[in-house]
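Q: Pasted the sequence and its predicted model underneath.
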Amino acid sequence: MPVIRILREKESPALFKNLVIGACLHITTETANLVITLKKCGAEVYLTASNPLSTQDDVAACLVKHYGISVFGIKGENTSTYSRHIKEVASKNVHLVIDDGADLIVFLHNNRSLSKNVIGATEETTTGITRIKNIEKDGRLLFPVIGVNEALTKYMFDNRYGTGQSTIDGILRATNTLIAGKTVVVCGYGWCGRGIAKNLKGLGANVIVTEVSPLRALEAVMDGFRVLPVEEAACCGDIFITATGNAKVISGNVFDRMKDGVILANAGHFNVEIDVEILQKMAKKISEVKPLVKEFTLKTGKRIYLLAEGRLVNLGCAEGHPSSVMDMSFAGQFLSLKYFVENPGLTAKYHKVPDEIDNRIALLKLNSMGIKIDALTPYQKKYLNSWNLE
Ligand SMILES: NC(=O)c1ccc[n+]([C@@H]2O[C@H](COP(=O)([O-])OP(=O)(O)OC[C@H]3O[C@@H](n4cnc5c(N)ncnc54)[C@H](O)[C@@H]3O)[C@@H](O)[C@H]2O)c1
């Protein structure tokens, strides 16, 4: 993670002095790199998991033992332990919050006395931003939030290339299925869905996209994919992947029409996209054929395989995104936190990542890759700023 390394080496070791940072993130090696960097810049950091299945226990243990960072998270923790861990971090009188999915931010809003020191929060993912914008819409946002996900150096790379690759990695590690020749239904053609569909196509899959947005559906068509309503796609698919940020995208009527032996995986933030409750009700037998691969045998005898309990497959069954892409996402986190420190008194509303942060990250990344680009000449600058071309 060269960009994070540069920030760790170049930024002041006193940048976050006397500040407590509460982070709710997937506990992976990349997150470890971020929190170690925040500590190196003076912060007192508390880390809790942003998903019950994504914690890498060795990483959590290493942070506690070798870096003195308090970590709350165990892979496979139940939902009450997950919530208790969020409460632990929320109770540390935090000044800055980093969130992925907004569970910590929402907890602080539901327990206002714990948020009195908060000067700002950052949000990592699309679903978290949807929730924060909904809090703002209700007029209840208590502190400023910067939507790191909406930085170009985040969603164009992390969501598209990161999720695009690691989702398939998770499915392959869990099933070792051959993608070539399979029909794969990708629900949602947003930044994640686009990346997943493109990579599947490259591996030889016949990809069907389902969408609710006419624009995104049209884009999928022009990108060469077949677009169908999910109920029609149900009977064609061998593998189904959800990446919508929405709930009950695959539910009873869709399960009913599926073929025997299909695989279901979710790449969206919460475990709500595949209706597991209904699937459980429809099953006469449920067995775990290998860790995080559940076989549901329906009353008709048809078998459906669910990966990672319907939670994020790339973090449940694999290790999440490659570090080179998290390098940019977490640089956005670091620099947005720095922005709060340098711009005290921001209003309690949703803020975009400033352009200068996006540009700095892109430039640092290119430099780290040894790639040079051109600069505008004075003539070109003048030309681009003029309108009368005579
Ligand atoms: N797995 C990961 O590591 C990872 C990484 C980044 C984002 N995410 C999560 O993935 C989800 C998608 O993120 P994104 O950035 O692609 O969002 P996005 O908003 O760019 O795309 C979501 C798409 O889903 C479509 N959609 C909504 N409801 C639908 C439905 N019922 N059927 C079909 N399509 C539907 C929307 O029209 C939209 O085009 C979010 O939950 C986000 O938080 C996961």
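A: Now that the structure is in, tell me what you want to look at. Numbering: from 1, shown residues only.
Q: Residue numbers of the stretch 1-150 of the chain in contact with the ligand?
A: With C-beta under 6 Å from any ligand atom as the criterion, the stretch 1-150 of the chain comes near the ligand at residues T125, T126, T127. C-beta: built from backbone N, CA, C; applies to glycine.
Q: I'd like the distance between the second one and L203.
A: Using C-beta to C-beta, to the nearest Å, we find T126 at a distance of 25 Å from L203.
Q: Kindly report the same for the last one.
A: Note on T127: its distance to L203, by C-beta to C-beta, is 27 Å.
Q: now the strands for the stretch 201-350 of the chain?
A: With strands called from DSSP state E, counting those that start in this stretch, the stretch 201-350 of the chain shows them at 206-210, 226-227, 239-242, 262-266, 283-290, 293-298, 303-307, 350-352.
Q: Could you confirm whether the second one reaches the ligand?
A: This means strand 226-227. No. Residues of strand 226-227 contacting the ligand under C-beta under 6 Å from any ligand atom: none, with a closest distance of 10.1 Å.
Q: List the pairing partners of that strand within its sheet, with orientation.
A: Using DSSP bridges, strand 226-227 pairs in its sheet with strand 206-210 (parallel).
Q: Using PDB, write down the CA coordinates of the partner strand.
A: C-alpha atoms of strand 206-210 as PDB (Å, rounded to 0.1, in the frame of the first residue of the first chain):
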ATOM      1  CA  ASN A 206     -22.700 -15.900 -20.200                       C
ATOM      2  CA  VAL A 207     -23.700 -13.000 -18.000                       C
ATOM      3  CA  ILE A 208     -27.300 -11.800 -17.500                       C
ATOM      4  CA  VAL A 209     -27.900  -8.500 -15.700                       C
ATOM      5  CA  THR A 210     -31.000  -7.600 -13.700                       C
END
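Q: Quick check: mean pLDDT of it?
A: Per-region confidence: strand 206-210 scores 98 on mean pLDDT.
Q: One more: stretch 77-96?
A: Summarised as a single mean, pLDDT over stretch 77-96 is 98.
Q: Residues of the stretch 251-390 of the chain that sit close to the ligand?
A: Residues of the stretch 251-390 of the chain lying near the ligand (C-beta under 6 Å from any ligand atom): A267, G268, H269, L312, N314.
Q: From the residues of the stretch 1-150 of the chain next to the ligand, list just the buried residues.
A: Members of these that pass the buried threshold by neighbour count (16 or more other C-beta atoms under 10 Å) are listed as T125, T126, T127.
Q: tell me how far stretch 225-233 is from the chain's mean position?
A: 25 Å (C-alpha atoms, centre = their mean, to the nearest Å).
Q: Including secondary structure and pLDDT, could the residues of the stretch 1-150 of the chain next to the ligand go into JSON lines?
A: Output for these, formatted as JSON lines (DSSP: H, G, I helix; E, B strand; the rest coil; pLDDT from 0 to 100):
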{"residue": "T125", "secondary structure": "coil", "pLDDT": "97"}
{"residue": "T126", "secondary structure": "helix", "pLDDT": "97"}
{"residue": "T127", "secondary structure": "helix", "pLDDT": "98"}
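Q: Tell me the one of those residues nearest P144?
A: T125 (18.1 Å; C-beta to C-beta).
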